[in-house]
Every structure is written in structure tokens, then in C-alpha cells.
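1. Let's see this in three dimensions:
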Amino acid sequence: MIERLGIENFALIDRVTIDLSPGLNALTGETGAGKSIILGALDLLLGARASTDIIRAGSDSARVEGLFILPEGPARKALEELDLTEEDPAVMLVRRTVPESGRGRITINGQMATNSMLKSVTRHLVDMSSQHAHYALLDAHQHLLQLDRFGGLEGARSAFQDEYQTMLTLIAEREALIAAERERLEREDFLRFQLEEIETAEPQPEEDAALELEVKRLQHAEKLQAGISQAEQVLSGTASAAAGLTARAENEIRVLTGLDEALNPLLARVESARLELEDISYELAQHGRHIVHNPRRLQDADDRLALLRKLLRKHGPELTDVLRRAQDMRDELERFASAEQRIETLAGEIAERRDALLEKGRKLSKKRRTTGKRLAKAVEAELTELAMQRCALRVAQITREENLGPNGIDHIEFELAPNPGEGFLSLAKCASGGELSRILLALKAVMIKSDPVSSSIFDEVDAGVGGGVAEVIGQKLKLASAERQVLCITHLPQIAAYADHHLHVIKITEDGRTTTSVQHLTGEERLLEIARMLGGIELTETTREHAEEMLGGSQAWAPRAA
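-> Just a heads-up that it's a prediction; the model follows:
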């Protein structure tokens, strides 16, 4: 609940502190006294958008602060998640400052906070119903949510929404894959062409280096053959060749070693040189036999080398890079094949999920139909007590599976038949302002236990009514205050008389400045305010007696047993 509200330099308010109590709090005062200013300050504290227009003339900033007592539940949990809990988790102090220049400041329990953080907590605490709330009542999109809240179907709807979102994710994935299909096909054709080019060539690692050597040898085959032949002749082809001369030297030294053993190492070296020359000559001859002048082979090798160089330009610089690129292409093409399979798989999954959602939607729809009848009956009972006994409420439910959406397959709208025989119409078309106030109150009355907030604010929910109906509204608000804290801004004494806590808003002009003030009324002061609200410029004995009777009756009133 809201325990204390502090307002400073806000519109006509200089400085005021308002203590609120459990039960029914009534806020009364002349028109223009500043009741709506207090409501605006409270709205700002709950996260409404700030404007510098609210700053009192002559001040550089406005400030609003509120002390909240938090029940166990989502508000405390939200505060814990934001790491803004005080030592006492049941207490929350919110302060909001709006300067003339620069950004406003919000603190929760002394720590800086954003407006979204503030809203995430206060939305679980306070429900504000005003003349503006009628517009929400006329919004058919809100009717389904109200029906689900009344029937305790919010959990089922939330689970449905999660599954629906999962289906949307699958649909988005499939559409993205399909949208990329043309680009994928073009890419696939390109990859297949390039891969075929590589696979047809069947390159081998370092094949290009071997081919370059072969081409060079084939291009100079005749010169190589002639040179090798000449070299072979010089080495061992004749008696005067290098190998022959070395053999002669070897024989001479061998004879001399009998005379000088020191020549043995030199003999070994000459013998080794002769053997090496003979081996070289042999290998030259062998090599020369493999060198042939073959124009066809030269052309083939040249063409092969050109093909490999083409592949190297595209995928090189080495043939190992070409082979690696070919494997990358195979992997990518395999992924393309899996993408096609994924599209088919997704289509099946989406169809299955849609069927499952439709089945759950049908079950949810059936529960809503039952809940709608129960809600209409309960609201009609409340409307009867609010002098609208001729009105009938219907929860119109249109169920179409082709309209499957995040909330199911239903379109829900509250419809009213103000008079018998006229048929049902949407609330926007048939309800006057006063009727809307009473319908709003009737809905609040039947949904009070399913509404999670702990404080409700009613701003002139009594508009367009009076007399006995006003008294019934007072009783309804009194009943509601047994479940939660209720703050009601009213002009009707029949309602104010039922309050547990009466606040009076007055406007005072001193030294040329107008200030709004708030007084807590008890005893004689409260009696005089009720008498003023009953009417008349002058307070008469009759008016006073009427006020006493009204206060006495309302304070003694107790609801009849059901």
C-alpha cells in the first residue's frame, strides 16, 4: 500500500505530506482545489512521463516522494531482481525530481533508477481507474485480458504465448531460408562448376613443379642429348678421357707406393676420383637415354601446366590450397543440401506446432466461454445494485482457427444491452459517461480478488450518478477496501461518508500566491465537509443533521451475508 506521499513545488502545491491508511481513503474538495494535482503527482511517482510544466512558478524543480509497504509477491521480487531491496524488504521509498533544465532524477531506496525500472515495480502495486480509464474499458483488445484475469487463465495464456512465439521463430527461420533460396541456388551452381573444374583436373601436390621441370627438359631435349653425349666422351669415352687418364695416374702411383708408403692416401683418393668419374659418366648415359625429343608430350605437359596454373590463379598459391578449397566447396554444398532438408523439416515442425496450438486454443476458448458467462452474470448482479438492472452484459466471443494469434483463436468483446429488446452493442456505442463509470466499478468489483495489485485509485468513478446509486458505489468501494487499500477522489458525500480516512483538499491564496493544501478530517471537521458536499451556500441545521445521519449510517453499515 501507499503509506505516505510527499509533494513539493508541484503545480499549485508548495509543500504537502499526505498520510494514507489501509481501507478506504476519500479525497474531497471544491472543483479546482487541486485534487487532480495530487493524482498527477502520484501518477508521476508510479512512472508517468515527466514535464517541466508541473514545476511551481518561481521554483527550479518539483519533487514527489512516496513510501510504499510491499506485500509478498511480484513487487518484492521485481525489487530484488533490480538489487534495490532495503534491509526491510517490505519497505520501498521512491523519490522523483523534475528540474527545469536537464534530465529528471529517480531514486528507489536511495539508489539511482530509470523510469522503466520504476514501472517494473509499481505496476504490481497500484491500479488507477479514472475517467481516462473508460477509454481502456472501451478498447476491445483489453477485454480478453480482463476475462482471462477474472477466470485465472493468465498462466494458460502465457504458456500459449510462449509456444506461439516458438512457432513464430521457426516460421521466421524457414522464411529466411526460403528467401535465400535464389541466392543459394546461384551460389550452388557456381560452387559445382568450380568443384567440377578441380575434380576433373585431379591435381596432385607439387605436380606443377614436376611439370615445369619436364617441360623445360622437353623444350631443350636435343641440346641436352648433345651435351650429355659430349660430357660422357670427355669423362670416359676414350683412352684420353678423364677417367682413362685418372686410371693411368692411379697405376703410376700404385707402383710408387712400394717405394714410399706415404703415397697410399693419395692413391686412395685418385682411385676414388676415378670411380666417381666412371659413375658420373654412367649416370649421364642413363639420363641421356630418357631424354627424347617428343613434341606431343611437350604439348601435353604444357597444356597440363597451363591448366594447373589456371587453378592456382583461382585458388592458390599452392596446389595444396587448391585441394583444400575443393574440400571447402564439398562441405558448403553439403550444408546447402542440409538447408533444403531443414526447410522441409521446419515445414513439418511448424505444421505440428500449429496443430498443437490449435488444440490448446480450442481448450482455452472453451474455458473462456464458460468464464465469460460467469463474468457476465457477476457483472449484471453488480449493475443491478448500481441501478442498471435493465442492462445485460454479454461477453461476445468469436472463435476462428484461421485467426490463430499469440492469445489464442478468440476475439473477445464486452457488449451491453442497455434496454431490453434493443440488442447488444459495443460499450463504445451504447454507454454514456455515467453508465461507463458504473460498468467500470462493476467490473472492478467482480475482479477485485483476481487483480494482483494492492492499491486501487478511483478518480471520479462516481461521474454522472447520485442519490441511492452513489451510496451503493460507496458501499462497493468500502467492500473493495477490505481486500486492498482504496483511494477515491469524489464529489459525492454518499461516497465520502464510507471512508475510513478522509482527506480534504483546499486552495488558499496568501500574499498574492495560491497554494493547495491537504487536511486530514476527523470529527467535527469531517461532519462539516460532508454537510458542505450535501449542498447549500450556508450550513443549516437540517444539512448538519443530514450529514450526521449519513456518516452514522455509513460507518455502521456492514455488507449482508451472501
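
2. contacts and neighbour counts: CA atoms only from here.
-> Noted.

3. worst-scoring helix or strand of the protein, pLDDT-wise?
-> Least confident helix or strand of the chain, by mean pLDDT, DSSP states H and E, is helix 133-138 with a mean of 59.

4. Remind me what whatever helix or strand comes next after that one packs against, helices and strands.
-> Proceeding N to C from helix 133-138, the next assigned helix or strand is helix 140-151, under DSSP states H and E. Using 3 or more Cα pairs under 8 Å, 6 or more residues apart in numbering; DSSP states H and E as the contact definition, the elements that helix 140-151 packs against are helix 154-179, helix 319-385, strand 410-417, helix 433-447.

5. can I assume residue 125 is in contact with residue 454?
-> Yes: using Cα atoms under 8 Å, residue 125 makes contact with residue 454 at a distance of 5.3 Å.

6. Compare neighbour counts for the two and give me the winner.
-> Ranked by neighbour count (other Cα atoms under 10 Å), residue 125 and residue 454 place residue 125 first, with 24 against 21.

7. so where's the stretch 351-500 of the chain uncertain?
-> Residues of the stretch 351-500 of the chain meeting the criterion pLDDT under 70: 430-435, 437, 449, 451-452, 460, 464.

8. coming back round to it: so which of the helices and strands packed on helix 140-151 is nearest residue 227?
-> The minimum distance between residue 227 and the helices and strands packed on helix 140-151 falls on helix 319-385, with 33.9 Å, by Cα to Cα.

9. Please render the helices and strands packed on helix 140-151 as a markdown table that adds mean neighbour count to the earlier fields.
-> Shown next, in a markdown table, are the helices and strands packed on helix 140-151 (neighbours: other Cα atoms under 10 Å):
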| stretch | mean neighbour count |
| --- | --- |
| helix 154-179 | 15 |
| helix 319-385 | 17 |
| strand 410-417 | 22 |
| helix 433-447 | 21 |
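
10. Looking at the ones you listed, which is nearest to residue 86?
-> helix 154-179 (30.1 Å).

11. Just the mean pLDDT for the closest one, thanks.
-> For helix 154-179, mean pLDDT rounds to 91.

12. Which strands and helices lie in contact with that helix?
-> By 3+ Cα pairs under 8 Å, 6+ apart, helix 154-179 packs against helix 140-151, helix 319-385.

13. Dump the shortest one to CSV, restricted to CA.
-> Right, the one you point to is helix 140-151. Taking Å, rounded to 0.1, in the frame of the first residue of the first chain, the C-alpha atoms of helix 140-151 are listed here in CSV:
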residue,chain,number,x,y,z
ALA,A,140,-11.9,-4.4,-27.0
HIS,A,141,-8.3,-5.5,-27.1
GLN,A,142,-8.3,-5.2,-23.3
HIS,A,143,-11.4,-7.3,-22.8
LEU,A,144,-9.7,-10.6,-23.5
LEU,A,145,-7.0,-9.8,-20.9
GLN,A,146,-9.6,-8.8,-18.3
LEU,A,147,-11.6,-12.0,-19.0
ASP,A,148,-8.5,-14.2,-18.6
ARG,A,149,-7.6,-12.4,-15.4
PHE,A,150,-11.1,-13.0,-14.0
GLY,A,151,-11.0,-16.7,-14.9
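
14. can you list the residues that contact it?
-> 136-137, 154, 157, 368, 371-372, 375, 411-414, 446-447, 450-451 (Cα atoms under 8 Å, 6 or more residues apart in numbering).

15. give the contact list for the residue positioned nearest the centre of the chain.
-> Centroid check for the chain by Cα atoms, centre = their mean gives residue 165 as the closest residue, at 11.4 Å. By Cα under 8 Å, 6+ apart, the contact list for residue 165 reads residue 406.

16. Residue 267 now?
-> The contact partners of residue 267, by Cα under 8 Å, 6+ apart, come to 250, 253-254.

17. which ones among those are found in helices?
-> 250, 253-254 (DSSP state H).

18. and which of the residues you listed is nearest residue 356?
-> residue 250 (102.8 Å).

19. Let me know whether the closest one touches residue 270 as I believe.
-> Yes: with contact defined as Cα under 8 Å, residue 250 counts as touching residue 270 (5.9 Å).

20. Many thanks, have a good one.
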